[in-house]
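**Student:** could you work out the structure for the sequence below:
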Amino acid sequence: MIHTYSGETIHFEIKYKNRTSIAIHMDGYGNVEVHAPKGTPDEKVIQLLEEKWDLIQQKSKEMKDRLLGQQEKAYNQEESVLFLGKTFPVKIIQDTTIQQDYAMFDEKHINVYVKQAEDEKIKQALKRFYYQECKALVEKSIKHYQSNFKVKPRSIRISDSKTTWGTCDSQLKLTFNWRLAMAPIKVIDYVVVHEMCHMVHLNHDRSFWRLVGKISPDYKEQESWLAQSSWKMTV
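**Tutor:** Residues are numbered from 1 along each chain as shown. As a prediction, the model looks like this:
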């Protein structure tokens, strides 16, 4: 079926089942499917769709964008980036008097100050911002969870890894991906706990996961956030 509301159109499929309520489902491609009790009038389905319209449009766009993968950002247009799990617009301020390009967060925007308003300069300024924020956030998290461990990390480093969120080597040196600063605090804490648990168990055996679960009981939710959102954690 097709329905147009608020100037936007969606395609959806209704499946009538032995159930007592109407539910809206969306697959990994952004397609909408409505499960309704047998005999439900189409009008009731349409009413629910309109009530959830904004959420449906948002989730559908997220699914479709995710399928496209990471896209190059163009900072000569309106762009936004993630910070601590939320999306903020990027505001470019050109200032030829500054010594080095930099970025700051003001609770509403990520303000980027650059001598030259070029995409590469802006991206480098944003990366430095995320590196600094990630280091501060990770260090704070490690300090918070240290009481759960008898051993301490020997060093903490922030990296530009393309494949991992964090690592712990046999010398207890911890490394974290700067993109973690784009994730919610709970996700950052989980990755920190994960790597700190490797100070005790270097592999992913049952003992390792028991320790992770003891310190971070909802760790699967945080892993799910990373799996669903990593494609948009870019500058």
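**Student:** can you show me the strands along this protein?
**Tutor:** Defined through DSSP state E, the strands belonging to the chain, from first to last, are 2-5, 8-17, 23-26, 32-37, 80-83, 86-94, 102-105, 110-114, 155-159, 166-168, 173-177.
**Student:** so which of those strands gets nearest residue 232?
**Tutor:** Residue 232 sits nearest to strand 80-83 of all those, at 6.4 Å, using CB to CB. Where you see a C-beta, it was placed from the backbone N, CA and C, and this is true even at glycine.
**Student:** can I get the CA coordinates of that closest one in CSV?
**Tutor:** Output in CSV follows, covering the C-alpha atoms of strand 80-83 (Å, rounded to 0.1, in the frame of the first residue of the first chain):
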residue,chain,number,x,y,z
SER,A,80,26.6,17.6,11.1
VAL,A,81,28.7,15.2,13.1
LEU,A,82,28.2,12.9,16.1
PHE,A,83,29.5,13.8,19.5
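**Student:** partner strands of it, with direction?
**Tutor:** Sheet pairing for strand 80-83, assigned by DSSP bridges, gives strand 86-94 (antiparallel).
**Student:** with residue 16 as the reference, measure out to the residue lying farthest from the centre of the chain.
**Tutor:** In terms of distance from the mean C-alpha position of the chain, residue 39 ranks first, at 40.2 Å (CA atoms, centre = their mean). With distances taken as CB to CB, to the nearest Å, residue 39 is found 8 Å from residue 16.
**Student:** so where's this protein uncertain?
**Tutor:** Using pLDDT under 70 as the threshold, the predicted model of the chain has low-confidence ranges 27-30, 61-71.
**Student:** let's see it at 50
**Tutor:** Scanning the chain for pLDDT under 50 picks out no residues.
**Student:** packing partners for the helix ranked longest in it?
**Tutor:** In terms of residue count, the longest helix belonging to the chain (DSSP state H) is helix 119-145. When contacts are defined as 3 or more CB pairs under 8 Å, 6 or more residues apart in numbering; DSSP states H and E, helix 119-145 sits against strand 86-94, strand 102-105, strand 110-114, strand 155-159, strand 173-177, helix 185-197.
**Student:** can you put these in TSV and add mean neighbour count and distance to residue 2?
**Tutor:** Supplementary listing: the helices and strands packed on helix 119-145 in TSV, determined by neighbours: other CB atoms under 10 Å; distance: least, CB to CB, whole Å:
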stretch	mean neighbour count	distance to residue 2
strand 86-94	14	30
strand 102-105	18	42
strand 110-114	21	39
strand 155-159	14	48
strand 173-177	21	42
helix 185-197	22	38
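**Student:** all good on my end, thank you.
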